[in-house]
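**Q** just a sequence and a predicted model for now, questions to come.
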Amino acid sequence: MNLEPYTFVFTGKNITFAQNNGEALWWGIAADKIEQKDMLLEKIEQLLREVSELTAANAEEIEALRLKYLSKKGEITALMADFRDVAADQKKAVGMKLNELKQTATRKINELKEQCETAETATDDIDLTRTAYPTPLGTRHPLNIVRNRIVDIFSRMGFTLADGPEVEDDLHVFTKMNFAPDHPARDMQDTFFVDNHSADVTKNIILRSHTSSVQARVMETTQPPIRIICPGRVYRNEAITARAHCFFHQIEGLYIDRNVSFADLKQVMLMFAQEMFGAETKIRLRPSYFPFTEPSAEMDISCHICGGKGCGFCKHTGWVEILGCGMVDPNVLEACGIDSKVYSGYAFGLGVERITNLKYQVSDLRMFSENDVRFLDEFVSAG
Ligand code: PHE
């Protein structure tokens, strides 16, 4: 149907108002249907362009697009209603175009959904196998790792743990341990004083300078056999440097029974050294002096770095010093209420920092008390 020379100036849903040379005409249904088809196609084309360029930032925006185009009240559904009025012979062409639009819109919106989901999972990165509240575990302090090792070794040889106060009286730290009243260890320069009784030094309250005070307390209250180790913190008035600190950790041991000899001490010390530093470790005892033991010795182990050949670590001697030991002085036994004619015993004392340095080559003693997690993290696998 040729519509020339009419010009369409207005179209309604089922009616088109046309004008012929300014003369208004009602074109009626037929013209309206033709017009409907062209309008529809144009609208479809426009929507096709629109939907193929759709973008959305999130799921809500995608849902808004779905509502706008595909829902019951959406634009494409509205076109379906208009489609009913298209002339029968045009229905096929318009119908195909309309289908294309519907498919394109559906595909595009699904595509947007997929993109949005992958983006979301990528940013969320949920790992369902992880624990709900991952708590980063710390590590044992290196001194505790080594203390536990030492305690473990002596426990297997029958020693039990004994504990005592860190704030002690002079009686247990010095007097019962056979220190003479004027012994320099009592000097203000060496020992931290909490309460100073110059009239009677044994009443002084001090920070213990060794855990021998625990041995004194155990001997006071227990009759032999005694087989104890006393781990604990001790204090000495030293300038703080890489090699000295005002506190450190000790483990002292005491064994008292009938017929205990220096040979027993030597064998137990050898067992300890080999358990701690390896089966090939040798020990060497050098004569020394302590007020509470007689005879006394300093014990060295063969250098575990060079195997005794001599290196920078052992100052080319092949030996490194690790502890002090000796046979308990009869004066100590008597001062603590043990009959020295019946019983004898040995004692030893070692510094946990010293053993830890030997085992892990910690170059600066201060690192042990700085709480630097970078240092502490070095021991995650050790303990
Ligand atoms: N009490 C000594 C010290 O602190 C160590 C030690 C204990 C030495 C027992 C010999 C015997 O240095």
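**A** Structure's in. What do you need? Numbering: from 1, shown residues only.
**Q** near the ligand, which residues of this structure?
**A** 210, 212, 252, 290, 293, 324-326, 347-349 (Cβ under 6 Å from any ligand atom). Quick note: C-beta positions are derived from backbone N, CA and C, even for glycine.
**Q** just the CA trace of stretch 272-291, in CSV.
**A** Provided in CSV are the C-alpha atoms of stretch 272-291 (Å, rounded to 0.1, in the frame of the first residue of the first chain):
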residue,chain,number,x,y,z
PHE,A,272,74.1,-34.8,79.5
ALA,A,273,76.7,-33.4,77.1
GLN,A,274,76.1,-36.2,74.6
GLU,A,275,72.3,-36.0,74.7
MET,A,276,72.5,-32.2,74.3
PHE,A,277,75.2,-31.8,71.8
GLY,A,278,75.5,-35.1,70.0
ALA,A,279,76.8,-38.6,70.7
GLU,A,280,80.4,-37.8,69.6
THR,A,281,80.7,-35.0,72.2
LYS,A,282,83.7,-35.3,74.6
ILE,A,283,83.9,-33.6,78.0
ARG,A,284,86.9,-32.2,79.9
LEU,A,285,87.0,-31.2,83.6
ARG,A,286,89.3,-28.5,84.8
PRO,A,287,90.0,-27.8,88.5
SER,A,288,88.2,-24.8,89.7
TYR,A,289,86.8,-23.2,92.9
PHE,A,290,83.3,-22.7,94.4
PRO,A,291,82.7,-22.2,98.1
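**Q** and the closest residue to Asn144 other than its chain neighbours, how far from the ligand?
**A** Spatial nearest neighbour of Asn144, excluding adjacent residues (Cβ to Cβ, 6 or more residues apart in numbering): Gly383 at 7.1 Å. Separation of Gly383 from the ligand (Cβ to the nearest ligand atom, to the nearest Å): 25 Å.
**Q** ok, Gly383 - how many residues close by?
**A** 13 (other Cβ atoms under 10 Å).
**Q** that one reaches Gly138, doesn't it?
**A** No - counting by Cβ atoms under 8 Å, Gly383 sits too far from Gly138 to count as a contact (10.5 Å).
**Q** give me the nearest residue to Ser363, chain neighbours excluded.
**A** Excluding its sequence neighbours, the residue lying closest to Ser363 (Cβ to Cβ, 6+ apart) is Ala242, at 7.0 Å.
**Q** need the contact list for the one you found.
**A** Taking Cβ atoms under 8 Å, 6 or more residues apart in numbering, we find Ala242 in contact with 363-366.
**Q** that one: which element?
**A** Using DSSP states H and E, Ala242 falls within no helix or strand.
**Q** kindly report the same for the one 3 residues further on.
**A** Assigned by DSSP H and E, His245 belongs to neither a helix nor a strand.
**Q** got it, and Gly326?
**A** strand 319-328.
**Q** what's that strand packed up against?
**A** Packing partners of strand 319-328 (3 or more Cβ pairs under 8 Å, 6 or more residues apart in numbering; DSSP states H and E): helix 262-277, strand 283-290, strand 293-302, strand 344-351, helix 352-360.
**Q** packing partners of the third one?
**A** Identification of packing neighbours for strand 293-302 by 3+ Cβ pairs under 8 Å, 6+ apart yields helix 262-277, strand 283-290, strand 319-328, strand 344-351.
**Q** mind putting the ones you listed in JSON lines, distance to Lys108, mean neighbour count and mean pLDDT included?
**A** Converted to JSON lines, the helices and strands packed on strand 293-302 look like this (distance: least, Cβ to Cβ, whole Å; neighbours: other Cβ atoms under 10 Å; pLDDT from 0 to 100):
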{"stretch": "helix 262-277", "distance to Lys108": "73", "mean neighbour count": "18", "mean pLDDT": "97"}
{"stretch": "strand 283-290", "distance to Lys108": "83", "mean neighbour count": "15", "mean pLDDT": "97"}
{"stretch": "strand 319-328", "distance to Lys108": "78", "mean neighbour count": "21", "mean pLDDT": "96"}
{"stretch": "strand 344-351", "distance to Lys108": "76", "mean neighbour count": "22", "mean pLDDT": "98"}
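**Q** of all these, which lies closest to Arg149?
**A** Closest of the helices and strands packed on strand 293-302 to Arg149 is helix 262-277, at 6.7 Å (criterion: Cβ to Cβ).
**Q** hmm, who's touching that closest one?
**A** Counting by Cβ under 8 Å, 6+ apart, 149-150, 153-154, 157, 255, 280-283, 285, 295, 299, 301, 304, 322-323, 325-327, 346, 348, 355, 358-359 sit against helix 262-277.
**Q** list the contacts of whichever residue of the chain sits closest to the ligand.
**A** With Cβ to the nearest ligand atom, the shortest gap between the chain and the ligand falls at Gly349, namely 2.5 Å. Residues near Gly349 by Cβ under 8 Å, 6+ apart: 210-212, 250-253, 323-325.
**Q** out of the residues you listed, who's the most crowded?
**A** Using other Cβ under 10 Å as the neighbour test, these are led by Ser212, with 29 neighbours.
**Q** check contacts around the spatially closest residue to that one that is not a sequence neighbour.
**A** What sits nearest to Ser212 in space, not counting adjacent residues and going by Cβ to Cβ, 6+ apart, is Met177, at 5.1 Å. For Met177, the contact set (Cβ under 8 Å, 6+ apart) comprises 212-213, 215-216, 291-292, 332, 335.
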